[in-house]
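Enquirer: Just to be clear, the model below is a prediction. Sequence and coordinates:
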Amino acid sequence: MQLPLLKKFSVEKKWSRWPARLLVGVLAGSFFLFLGIPLAALVIREPPALLWQAIQQPEAIEALQLSIITTCVSTLLTIVFGLPVAFVLARLRFPGRSILETLVTMPTVLPPVVAGVALLITFGRFGLLGRYLAPLGITLPFTTVAVVMAQMFVASPFFINTAKAGLEQLDRRYEMAAYTLRASPLYTFRRVVLPLIRPALLSGMGLAWTRALGELGATITFAGNFPGTTETTPIAVYITAESDLESAVALSVVLLAVSFGVLLALRLGRSRIRE
């Protein structure tokens with residue numbers, strides 16, 4: 001007697017879920033289309049031959065080379081300075097820690113142009129720190145160094161927060177076991193902690209690099225637009241779009257392909273590491 005009732009209840013429950021599933025499917029599918037259609041339109045806008053021809057222009061190659069060099073340098077500096085920051089925020093408890101965490105995350109919500117203005121009034125010739133650097137012959141704004149600084153400013157939170165999350169999720173028993181074997185803190189961090197949080201570090205590096213690659217607002221405000229010196233690929237896209245839309249589309253497709261490839265490789269890499 002109870003079996004037919006249970007079967008009837010399960011069928012009714014199954015059918016009652018269909019409206020919710022349909023709503024979720026429609027909303028999710030709409031959002032995927034919202035993201036995918038513009039990106040697909042960018043790719044199919046021009047024939048591959050014309051895209052390749054536009055990419056081979058000297059200005060495009062110069063901008064791509066500058067972007068690759070500066071993003072690699074900014075990512076390396078982010079790792080060097082950001083990993084200690086992530087360790088301090090993940091492992092230490094001290095007054096003002098929440099303020100520092102908020103400070104680290106601020107560039108992710110701050111408009112890039114505002115970040116560029118902040119860097120300019122700090123390191124400019126008459127800025128807060130720049131006024132002391134100018135007599136020494138050190139000029140930072142509108143140089144390649146300014147490009148690296150702008151990229152590091154906006155991209156470093158992605159690495160720091162990801163590395164911090166990896167450190168917080170790490171089981172401390174592995175470190176305790178290394179300490180019982182008389183391993184030094186530095187050796188333990190280098191040979192135990194870093195290999196265990198490698199997926200988080202790789203993800204943070206990839207996110208920081210791709211964010212630096214796409215940086216525009218802070219760079220053009222703090223470093224300006226000087227071909228061969230500060231004109232990165234995003235700036236070239238922005239400037240070129242006003243006069244040559246085909247070249248702008250070609251450069252945009254390159255940025256899209258590189259960013260998509262890096263993010264996909266990171267996800268596949270993390271899956272293999274977990275396995």
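Expert: Happy to help now that I have it.
Enquirer: Where do the helices of the protein begin and end?
Expert: With DSSP state H as the definition, the chain shows helices at residue ranges 2-44, 48-55, 58-91, 97-109, 112-123, 130-133, 144-169, 173-180, 185-188, 194-196, 198-213, 217-222, 233-240, 245-274.
Enquirer: OK, contacts around V249?
Expert: Taking C-beta atoms under 8 Å, 6 or more residues apart in numbering, we find V249 in contact with L42, R45, E46, L51, A54. C-beta coordinates here come from the backbone N, C-alpha and C atoms, glycine included.
Enquirer: what's the answer for L216, then?
Expert: Going by C-beta under 8 Å, 6+ apart, L216 touches P112, T232, P234, I235, Y238.
Enquirer: just for the stretch 151-275 of the chain, where's the confidence low?
Expert: Low-confidence segments of the stretch 151-275 of the chain (pLDDT under 70): 270-275.
Enquirer: try it again with 50
Expert: Along the stretch 151-275 of the chain, no part satisfies pLDDT under 50.
Enquirer: Is it possible to mark the buried ones in the contacts of V249?
Expert: With burial judged by 16 or more other C-beta atoms under 10 Å, the buried subset of the contacts of V249 is E46, L51, A54.
Enquirer: Output the residues you listed in TSV; the columns should cover pLDDT and distance to G82.
Expert: What follows is these, written out as TSV (pLDDT from 0 to 100; distance: C-beta to C-beta, whole Å):
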residue	pLDDT	distance to G82
E46	71	38
L51	73	35
A54	74	36
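Enquirer: what's the closest of these to L194?
Expert: Relative to L194, the closest of the buried ones among the contacts of V249 is L51; by C-beta to C-beta it sits at 40.4 Å.
Enquirer: so the closest one makes contact with S252?
Expert: No - if you go by C-beta atoms under 8 Å, L51 and S252 don't touch, sitting 9.9 Å apart.
Enquirer: Run the chain-centre distance for stretch 239-259.
Expert: 20 Å (C-alpha atoms, centre = their mean, to the nearest Å).
Enquirer: Could I get the buried residue list for it?
Expert: Quick answer for stretch 239-259 (16+ other C-beta under 10 Å): 239-240, 247-255, 258-259.
Enquirer: Can you tell me which of those residues is nearest L66?
Expert: Of these, the one sitting nearest to L66 (C-beta to C-beta) turns out to be L251, at 12.4 Å.
Enquirer: Contacts only, for R45.
Expert: V249.
Enquirer: quick one: L35 and T232, what's the gap?
Expert: Plainly put, L35 is 24 Å away from T232 if you go by C-beta to C-beta, to the nearest Å.
Enquirer: and what of G166?
Expert: Distance from G166 to T232, by C-beta to C-beta: 29 Å.
Enquirer: More neighbours: which of those two?
Expert: Remark: of G166 and T232, T232 carries more neighbours, 30 against 22, as counted by other C-beta atoms under 10 Å.
Enquirer: residue contacts, the residue nearest to the more buried one when sequence neighbours are not counted?
Expert: Excluding its sequence neighbours, the residue lying closest to T232 (C-beta to C-beta, 6 or more residues apart in numbering) is S67, at 4.5 Å. Going by C-beta under 8 Å, 6+ apart, S67 touches L213, T232, T233, P234.
Enquirer: A115 is in contact with F153, correct?
Expert: Yes - counting by C-beta under 8 Å, F153 does reach A115; the two are 5.5 Å apart.
Enquirer: so what sits against both of these two?
Expert: With C-beta under 8 Å, 6+ apart, F153 and A115 have common neighbours P107, A218.
Enquirer: does P199 really touch G166, like I thought?
Expert: Yes - P199 is within contact range of G166, at 7.2 Å (criterion: C-beta under 8 Å).
Enquirer: now the end-to-end length of stretch 220-227.
Expert: End-to-end distance for stretch 220-227: 12 Å, by C-alpha to C-alpha, to the nearest Å.
Enquirer: same deal with stretch 120-129?
Expert: Across stretch 120-129, the straight-line distance between its terminal residues is 10 Å, by C-alpha to C-alpha.
Enquirer: And the nearest residue to T75 once chain neighbours are set aside, how far from A155?
Expert: Of all residues not flanking T75 in the chain, W209 sits nearest, at 4.6 Å (C-beta to C-beta, 6+ apart). Distance, W209 to A155, using C-beta to C-beta: 7 Å.
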